[in-house]
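Asker: Make a model of this:
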Amino acid sequence: MWKPLGGFAPGELTEARLQAQWASQIPAAAGRSLLEPAADYSHTSLEWRCDSRVLASAPLTDDGLRAGLCIATLRLVLLRGSEILQGTTLDAKSVAEGLEWLTQALSKHLDRHGRELRRPEHELPSHAVGDGAPFALEGIVEALAELEQWLDNADGLLRVRAARLDGASAVRCWPHHLDIATLVTLEASNVADEAKSIGLGLSLGDDTYAEPYFYVTPWPYPEPRETSQPLPSGHWHTEKFFAAVLTGSELTDGGQAGQAQRAEAFLEAATAASRGLLGTRSETAKTPMIWHEVAEVDELPPGRGRPC
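Answerer: Predicted structure coming up:
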């Protein structure tokens, strides 16, 4: 199910996105501190739980306890399945205070009481919150809700697409860049940099594009980049990184009707073009795709989340 985007201009989401990115480090800290380290750092990754509308860690206990973040409200939570067990707002709290709350909340469910949570060690965009200032929801509530909808829509689209592609990984959200993606391995190799793959995802924005954007990235990067196959929508980004890109502005400028189909058509064409650049066979669809647009509606009643 896809809910139309564009109620809030894609280029005006930066402040909300930066606060959400810093907030996402807190549930990611639970995975970083409590789970077995993975070579690809997936123990720090998050998963969009559409039933509870929470960006959640991997299960931290055998009974499925997770740490999570409600992006639309910047609320830290503990959840099991779709049930929110407890939570607290990050408004007027610092990252350190959020980590302290989560440490104490988890201590009630873990044998290792009071174990310090440390956020993932990666460089993040500069923001006052990163220097110890508190989160502040004033003026960004509508933008946070729009960011959440971008994430929700992208997760549904990518899950359907990953189910159709052999070699596709689980759809994960990476707190380092706050992007949600699946990686399709085409040809494995003992040398990591030589394995052929295609990454499909949505970034909620960064220093290159200050707005959400869908991307498709072939690896290894083909040369020369300037000869890439034309796309029916979006464009090839060739500076610093190489990817087919469909910006939020390009997607929403076409109006609210048909957004899901435009996004899917971009991913389809860019994936096929990337396979051609890598010299691999084209995919064969396993199932037809049928998208249902959802008009602006009231919130669904508790316990009746939209299907993933």
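Asker: how does this structure divide up, domain by domain?
Answerer: Annotated domains of the chain cover 10-131, 141-278 [automatic domain parsing].
Asker: Quick check: mean pLDDT of the first one?
Answerer: For domain 10-131, the per-residue pLDDT values average out at 93.
Asker: For residue 220, grab the count of nearby residues.
Answerer: When neighbours are defined as other Cβ atoms under 10 Å, residue 220 has 13 of them. Where C-beta positions appear, they are placed from N, C-alpha and C, glycine not excepted.
Asker: no wait, residue 11
Answerer: 14.
Asker: again, but for residue 263
Answerer: 23.
Asker: isn't it right up against residue 251?
Answerer: Yes - contact criterion Cβ atoms under 8 Å: residue 263 and residue 251 qualify, at 6.1 Å.
Asker: tell me, what's touching those two both at once?
Answerer: Common neighbours of residue 263 and residue 251, using Cβ atoms under 8 Å, 6 or more residues apart in numbering, are residue 214.
Asker: And residue 5, how close does it get to residue 254?
Answerer: Residue 5 is 11 Å from residue 254, where distance means Cβ to Cβ, to the nearest Å.
Asker: which one of those two has more residues nearby?
Answerer: With neighbours defined as other Cβ under 10 Å, residue 5 and residue 254 compare such that residue 5 has more, 19 against 13.
Asker: Tell me which helix or strand residue 198 sits in.
Answerer: Using DSSP states H and E, residue 198 falls within strand 196-203.
Asker: Show me what that strand is packed up against.
Answerer: helix 141-164, strand 179-187, strand 213-219, helix 259-278 (3 or more Cβ pairs under 8 Å, 6 or more residues apart in numbering; DSSP states H and E).
Asker: residues contacting the closest residue to residue 94 other than its chain neighbours?
Answerer: Spatial nearest neighbour of residue 94, excluding adjacent residues (Cβ to Cβ, 6 or more residues apart in numbering): residue 134 at 5.2 Å. By Cβ under 8 Å, 6+ apart, the residues touching residue 134 are 91-94, 97.
Asker: which residues touch residue 154?
Answerer: 180, 201-202, 214.
Asker: Please report how far it lies from residue 59.
Answerer: 23 Å.
Asker: again with residue 163
Answerer: 22 Å.
Asker: Bridged to the residue nearest in space to the middle of the chain, which residues?
Answerer: Nearest to the mean C-alpha position of the chain, by Cα atoms, centre = their mean, lies residue 180 at 2.6 Å. Here residue 180 sits in beta bridges with residue 173, residue 202, as judged by DSSP bridges.
Asker: downstream neighbour of the helix or strand where residue 246 lies in the secondary structure list?
Answerer: Secondary structure from DSSP H and E places residue 246 in strand 243-247. Downstream of strand 243-247, the first helix or strand assigned by DSSP H and E is helix 248-252.
Asker: other SSEs contacting that following helix?
Answerer: By 3+ Cβ pairs under 8 Å, 6+ apart, helix 248-252 packs against helix 259-278.
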